[in-house]
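Q: give me coordinates for this.
(one chain, ligands or ions: 1)
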Amino acid sequence: MSNRFDVITIFPEYFAPLELSLIGKAKKAGLIEVGIHDLRAQTSDIHGSVDDTPYGGGAGMVMSPEPWGKAIDEVALQNPNLTHELIVLTPAGEKLTQALAQELVESEHLIFACGRYEGIDIRVTDFYQSAPNFKVREISIGDYVLGGGEVATLVIMEAIIRLIPGVIGNPESLTEESHTLTNSDGTLVEYPNYTKPQEWRGLKVPEVLLSGNHAEIAKWRRTQALLRTQNLKN
Ligand code: ADE
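A: A predicted model of the protein is given here:
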């Protein structure tokens, strides 16, 4: 089960939201440990350069392998007894799904490499793929290009951390909700939810939900989930 997360970035401030909500509470409760590392701390020149022009020409800049190698080695050395799973964020990676989040929550140490510009020199991926105690995965959060891997890392961390036992107060919500593989409905999206008041701006809560008839409620919810799944655009 993952409980150690390290993030390498040139924008450590991006990760302030990790102090909030579920993840903030999980940290305070000692359920997870999170380290945020500034890539520029691994540079030696006065400008803290982390990128350079691409070999072969072309637009944009490529992140240099040297600071990345140093930063990843340092994080691995700080956690010598763990198997490290290096997550390289890139739109060219395998797509994040609930199934992938379920898989990642099982790894004991996740290191997120947040690339910017045109990405990280591919030799970083190549090197750690064959390094002892390392596994490497390139992951995308969707078919669009972000300015960097920071937001993608926050998305992936949130998807993983809420699966760790104890992070969510009511674990039933994990099995009931949309897309969870433990849901016997497979990949159905979730049925619509209502709470008080019974009528809001003229819109009423469906009668069946007020009936107390659990079999009828389950039937209605399943139908709604099927309808919503059918209506999904993708
Ligand atoms: N970096 C830039 N775009 C990205 C995406 N869609 N997913 C993950 N990392 C990215």
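Q: and the least confident helix or strand in the chain by mean pLDDT, what does it pack onto?
A: When the helices and strands of the chain are compared on mean pLDDT, DSSP states H and E, helix 172-176 comes out lowest with a mean of 75. Packing partners of helix 172-176 (3 or more CB pairs under 8 Å, 6 or more residues apart in numbering; DSSP states H and E): none among the helices and strands. The way it works is simple: take the backbone N, C-alpha and C, and place the C-beta from them, glycine included.
Q: alpha carbons of that helix, as PDB, please.
A: C-alpha atoms of helix 172-176 as PDB (Å, rounded to 0.1, in the frame of the first residue of the first chain):
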ATOM      1  CA  GLU A 172     -18.900   2.300   1.700                       C
ATOM      2  CA  SER A 173     -18.800   5.400  -0.400                       C
ATOM      3  CA  LEU A 174     -15.800   3.800  -2.200                       C
ATOM      4  CA  THR A 175     -17.600   0.700  -3.200                       C
ATOM      5  CA  GLU A 176     -20.900   2.500  -4.100                       C
END
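Q: centroid-nearest residue for the chain?
A: Geometric centre of the chain, nearest residue: Ile156, 0.4 Å, by CA atoms, centre = their mean.
Q: where does pLDDT dip in this structure?
A: Where the chain drops to pLDDT under 70, the residues are 2, 176-186, 233-234.
Q: if you count residues, which strand in this structure comes out on top?
A: Taking DSSP state E as the criterion, the chain has its longest strand at strand 84-95.
Q: give me the buried positions along that one.
A: His84, Glu85, Leu86, Ile87, Val88, Leu89, Thr90, Pro91, Gly93 (16 or more other CB atoms under 10 Å).
Q: same for the longest helix seen in the chain, what does it pack against?
A: Looking across the chain with DSSP state H, the single longest helix is helix 214-231. Contacts defined by 3+ CB pairs under 8 Å, 6+ apart place helix 214-231 against helix 207-210.
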